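> coordinates for the following, if possible.
(2 chains)
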Amino acid sequence: MSDKYTQFVSRGFGRDLAGKLGLPRPVELRRYKAGDPLIPGPVLVLGQNGESKGQGAEALAAELVSWGLDVRRNALPKEKLGAIVLVLDEVRTPEDLEVPVLTAARSVRDLAAGGRIISVSRTAESATDPAEAAARQGIDGLVRSLAKELRDGATANGILLGSGAAPQSPGTLGALRFFLSGRSAFVDGQFLSVTSASGRLPGDPEKPLAGKVAVVTGAARGIGAAIARTLHRDGATIVAVDVPAAGDHLAEVANEVKGTALQLDITVPDAGERIIRHALERHGSLDILVHNAGITRDKLLANMDEGRWRSVIAVNIASQLRINDAILASSELPVAPRIVSVASTSGIAGNRGQSNYAASKGGVIGMVRASAPLLEARGGAINAVAPGFIETEMTARIPFVTREVARRLNSLQQGGAPGDVAEAIAFLASDAAGGISGDVLRVCGQNLVGA
Amino acid sequence: MPEAALPSEENQAKDARQHAAVRKAVVIGGNRIPFARSGGAYTRSSNQDMLTAALDGLIARFGLQGERIGEVAAGAVLKHSRDFNLTREAVLGSALAPETPAYDLQQACATGLETVLGLSNKIKLGQIDSAVAGGVDSASDAPIAVSEGLREVLLDLNRAKTLPARLKVLSRLRPKDIAPDAPGTGEPRTGLSMGEHQALTTAQWKISREAQDELAYNSHRNLAAAYDRGFFDDLVTPYRGLNRDSNLRPDTSMEKLATLKPVFGRNLGTEATMTAGNSTPLTDGAATVLLGTEEWADERGLPKLAVVVDGEAAAVDFVHGKDGLLMAPAFAVPRLLARNGLTLEDIDFFEIHEAFAGTVLSTLAAWEDEEFGRERLGLEGAFGSIDRSKLNVNGSSLAAGHPFAATGGRIVASLAKMLHERGSVDGRPARGLISICAAGGQGVVAILEAYTTAEGAQA
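Here you go, the predicted model:
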């Protein structure tokens, strides 16, 4: 659902008026619906003639053809494109960027509404010399700038390959598929890092989570309910967790997604054990865990009291750490689950009045990075998504002017939907994201504040 | 084993037939909505709304969406005539498969427990593998009937064919016919309210005001403690903004209870002892219990908390004053325990429904009375006394409230969880006794045992 302003300026008179007045012109985003084509138009795959003669681009193009996509290796004049995939995995110096980037530049105007530009390159950390690192890091600035130039719901994002990953690795292909599809509608100007060649593309792309058991905390309403619905749509069996006081809404969600409701305060000491026991006894496994439960108790730090500070830390980060410990210590789980934690752009860029919340969400990011090797050692993974301005019951209570400013201050000029966050989580929870761990993906429409 | 004790072939065959015929009826879990004092949070909720909400919470807890349950039985005491198929309508409005059959049952306050016993019997006999038992009542959304005079006129009017005939029928209408018949809980044969009936019994057994207040105090204290330690986290689902029973007063005290004025038994010539504090208020609410065979539960990975062992109904002649209106359980329990070869000492949890504190205490007094034991129960002396620390340990109706037909489901689900938590006692499954009194001089009682595996029971 887009907001009323977006609907007004998306068509007819409203569109003309906003254009004449120079007002923001957000469009309704291309969002995933089962049965839709992956991308509405041909995909132009551009590489470079580097040391390995563009093998990465060649391999990716062949893969996209095998998905049944209409792939171009050279742009046709005036042809509308669904996406441009820019494979820059062989750049050695900043000068190497010029030819492929300017080739792509000539096709930017041909990108269809809701189109995608996706770079595939290597992480600067894995570079062998300063020039290579400069070239690779340059792509970061390039893609983020391009994302700000695109219009009509088109986005630009990048995939970064670590030393253990290749352009054909499952994680790369999974990330490429995610960025091409409507699942990434509100992800803009962001990078996903593929660190290993593990993972597996789903047999049925419409049911990437078939056979998985997923626990979602804070599932009674808002983003949590959307996560439960999205994971269920993708084939997972849902254990919906929320505090006993939210049990009525929780039961509605659980019944809608044909899962089970677990009324549980996640701050109790044995919450992790109870979640594991419920998942195993009722459903036989625990493959996915989404730490979504969170609260806000906003106050300027100068006015902050113990209750507000303590409850936010207890729910938003301390409980996640304790539940993860229970999972790592459990002898009943043959392999650790894929964990996805909900952070926040407040935890990255900060937010006035949210020092407690930002501390807890920054904590989530720290936890994710430090926990990744521990979970990988047990066959699992952990990542985070950091939502920006999302249209929920919570943000609907923000005063009108503040809300209107907040939702326009991103490259897509609108707030995201709870489902946009859920889509990113569903991807990170899937086997296709197997090579991605310890990463933080922002779902913020490229918020203009913060990194 | 000595050779002589070996069963004959004939007996072996008989045993096999019995084992094949009688299966275990297992309590898997329950769900209720918080109980609300009438005129409170559920004032605008119908019986069907509340029963559907309780069912949907049960379905969510156990993942029963789209499942065809063997049978659902529930009922209400205060029931609108339009709700002739109340339970089936609630099933159709729930997330269960629409192919799930349902029936309504009504046995006053024993309705909920009787649905558990009836459905358990069907499970034991192999007629069904799964069932949901329950009950609901709204004192807020109670039916109001038109007067007998108006009803007759309306029916005759419908039958009259011509205008003059219709006018003639209408001319019979008198102003007093317009006043509706409000619903009451009075006994039709005595005209006395339930409270006045209990006041007679309370006085007969010389139950003190203090003893009644203490029972009420313990009920509130125990229920509040159970909520605080999360006992109800998997037994209750919030409804209409209510998270806990609205009648619960965690901060009540003996002093506060002592200040309340008596409301029943003020004209008996003895000191009136029954107050709003030691009597249950009119309450709205609904409760459900999920039952099944061991196999049905195992196939779905569902818990097996307790086994429904046996049940017994009794009734007393209160009309002629031979016994108190609510004293039927005093007869039902001795019969039930005798049939099962048990005594009061063999029980680990007593769940005696607190219609009034006086009801519980009169029942216990009767069991402790030599004369009652000899003359009314046909025993050699008193039936016995119970260990009070085993009585209503997580609170009962005085604190939770008492939506008539919902009380049985509340008690069965809570007791099953308590038995499961206790597990085994002295090498045998923990055992609980439920006793519920009902209007019309009736009572239904039941025994539940913790579900233990065969190895555990033999240990």
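> okay, CA-based contacts and neighbour counts for the rest of this
Noted.
> would you pull up how far the helix or strand bottoming out on mean pLDDT in chain A lies from the middle of the chain?
Least confident helix or strand, chain A: helix A:12-21 with a mean of 76, by mean pLDDT, DSSP states H and E. Counting by C-alpha atoms, centre = their mean, to the nearest Å, helix A:12-21 is centred 32 Å from the centre of its parent chain.
> same deal with stretch B:40-50?
With C-alpha atoms, centre = their mean as the basis, stretch B:40-50 stands 19 Å off its chain's centre.
> sort out which residues of the longest helix seen in chain B are buried, please.
If you go by DSSP state H, chain B has its longest helix at helix B:209-228. Within helix B:209-228, the residues that count as buried by 16 or more other C-alpha atoms under 10 Å in any protein chain shown are B:209, B:212-227.
> that helix packs against which elements?
helix B:254-258, helix B:357-368, helix B:397-400 (3 or more C-alpha pairs under 8 Å, 6 or more residues apart in numbering or on different chains; DSSP states H and E).
> how far off helix B:357-368 does it point, in degrees?
Helix B:209-228 and helix B:357-368 are oriented at 110 degrees to each other (axes from the mean of the first three to the mean of the last three C-alpha atoms, to 10 degrees).
> mind listing what's buried in the helix or strand containing residue B:103?
Taking DSSP states H and E as the definition, one finds residue B:103 inside strand B:102-104. For strand B:102-104, a neighbour-count test (16+ other C-alpha under 10 Å) marks B:102-104 as buried.
> measure residue B:229 to chain A for me?
Between residue B:229 and chain A the distance is 11 Å, computed by C-alpha to the nearest C-alpha, to the nearest Å.
> can you tell me the closest non-neighbouring residue to residue B:437?
Counting by C-alpha to C-alpha, 6 or more residues apart in numbering or on different chains, residue B:437 lies nearest to residue B:443, which is 4.3 Å off, once chain neighbours are set aside.
> mean confidence for the host helix or strand of that neighbour?
In this structure, residue B:443 sits in strand B:442-450 according to DSSP H and E. Strand B:442-450 shows a mean pLDDT of 98 in the predicted model.
> likewise stretch B:44-61?
The model assigns stretch B:44-61 a mean pLDDT of 97.
> and for stretch A:130-147?
Mean pLDDT, stretch A:130-147: 96.
> can you give me the buried ones in that stretch?
Under 16+ other C-alpha under 10 Å, the buried positions of stretch A:130-147 are A:131-137, A:139-140, A:143-144, A:146-147.
> who's the residue nearest to residue B:437 bridged to?
With DSSP bridges as the criterion, residue B:443 is bridged to residue B:314, residue B:437.
> helices and strands around the least confident helix or strand of chain A, which ones?
helix A:4-9.
> residues contacting the helix it packs on, please?
Identification of contacts with helix A:4-9 by C-alpha atoms under 8 Å, 6 or more residues apart in numbering or on different chains yields A:14-18, A:25-28, A:414.
> can I get these in JSON lines with distance to residue A:364?
Putting these into JSON lines (distance: C-alpha to C-alpha, whole Å) gives the following:
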{"residue": "A:14", "distance to residue A:364": "41"}
{"residue": "A:15", "distance to residue A:364": "41"}
{"residue": "A:16", "distance to residue A:364": "44"}
{"residue": "A:17", "distance to residue A:364": "43"}
{"residue": "A:18", "distance to residue A:364": "40"}
{"residue": "A:25", "distance to residue A:364": "34"}
{"residue": "A:26", "distance to residue A:364": "31"}
{"residue": "A:27", "distance to residue A:364": "32"}
{"residue": "A:28", "distance to residue A:364": "31"}
{"residue": "A:414", "distance to residue A:364": "26"}
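> can you pick the most crowded of those residues?
residue A:414 (30 neighbours; other C-alpha atoms under 10 Å in any protein chain shown).
> next, that one: phi, psi?
phi -160, psi 160 (degrees, to the nearest 10).
> one step back: OK, contacts around the residue nearest to residue B:437?
B:110, B:313-315, B:326-329, B:332, B:435-437.
> let's see 10 Å
The contact partners of residue B:443, by C-alpha atoms under 10 Å, 6 or more residues apart in numbering or on different chains, come to B:107-110, B:312-316, B:325-333, B:435-437.
> list the buried residues of the next helix or strand along the chain from the strand holding residue B:103.
The helix or strand immediately downstream of strand B:102-104 is helix B:111-124, counting by DSSP H and E. By 16+ other C-alpha under 10 Å, the buried positions in helix B:111-124 come out as B:111-117, B:119-124.
> now whichever strand or helix holds residue B:151: buried residues?
Assigned by DSSP H and E, residue B:151 falls within helix B:148-159. Judged by neighbour count (16+ other C-alpha under 10 Å), helix B:148-159 contains these buried residues: B:150, B:152-154, B:157.
> give the other helices and strands that it contacts.
Secondary-structure packing of helix B:148-159 (3 or more C-alpha pairs under 10 Å, 6 or more residues apart in numbering or on different chains; DSSP states H and E): helix B:163-170, helix B:175-178.
> other residues contacting that helix?
Here helix B:148-159 makes contact (C-alpha under 10 Å, 6+ apart) with B:145-147, B:160, B:163, B:165-181.
> of those, just the buried ones, ChimeraX syntax please.
To isolate the buried members of those in ChimeraX, using 16+ other C-alpha under 10 Å:
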select /B:146,147,166,169,177
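> which residue comes closest to residue B:120 once chain neighbours are left out?
residue B:25 (5.3 Å).
> should've said residue B:54
Among residues not flanking residue B:54 along the chain, residue B:32 sits closest, at 5.1 Å (C-alpha to C-alpha, 6+ apart).
> what's stretch A:10-19 in contact with?
Applying C-alpha under 10 Å, 6+ apart, the contact partners of stretch A:10-19 are A:4-9, A:20, A:22-28, A:152.
> are any of the residues you listed buried, and if so which?
A:6-9, A:24-28, A:152.
> distance-wise, check the residue positioned nearest the centre of chain B relative to residue B:135.
Centroid check for chain B by C-alpha atoms, centre = their mean gives residue B:408 as the closest residue, at 2.4 Å. Distance, residue B:408 to residue B:135, using C-alpha to C-alpha, to the nearest Å: 8 Å.
> which stretches of the stretch 101-250 of chain A form strands?
A:111-122, A:155-161, A:191-194, A:213-217, A:237-242 (DSSP state E, counting those that start in this stretch).
> looking at those, spot the one closest to chain B.
Chain B lies closest, by C-alpha to the nearest C-alpha, to one member of the strands of the stretch 101-250 of chain A: strand A:237-242, at 9.2 Å.
> what is the host helix or strand of residue A:421 packed up against?
If you go by DSSP H and E, residue A:421 is part of helix A:418-429. Packed against helix A:418-429 by the contact rule (3+ C-alpha pairs under 10 Å, 6+ apart) you find helix A:170-180, helix A:222-233, strand A:288-291, strand A:338-342, strand A:381-387, strand A:440-443.
> what packs against the fourth one?
Contact analysis of strand A:338-342 by 3+ C-alpha pairs under 10 Å, 6+ apart lists strand A:213-217, strand A:288-291, helix A:355-377, strand A:381-387, helix A:418-429, strand A:440-443 as its packing neighbours.
> how does it look with 7 Å?
Where contact means 3 or more C-alpha pairs under 7 Å, 6 or more residues apart in numbering or on different chains; DSSP states H and E, strand A:338-342 is packed against strand A:288-291, strand A:381-387, helix A:418-429.
> pipe these into JSON lines and attach mean neighbour count per row.
As requested, the helices and strands packed on strand A:338-342 are exported to JSON lines (neighbours: other C-alpha atoms under 10 Å in any protein chain shown):
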{"stretch": "strand A:288-291", "mean neighbour count": "27"}
{"stretch": "strand A:381-387", "mean neighbour count": "27"}
{"stretch": "helix A:418-429", "mean neighbour count": "26"}
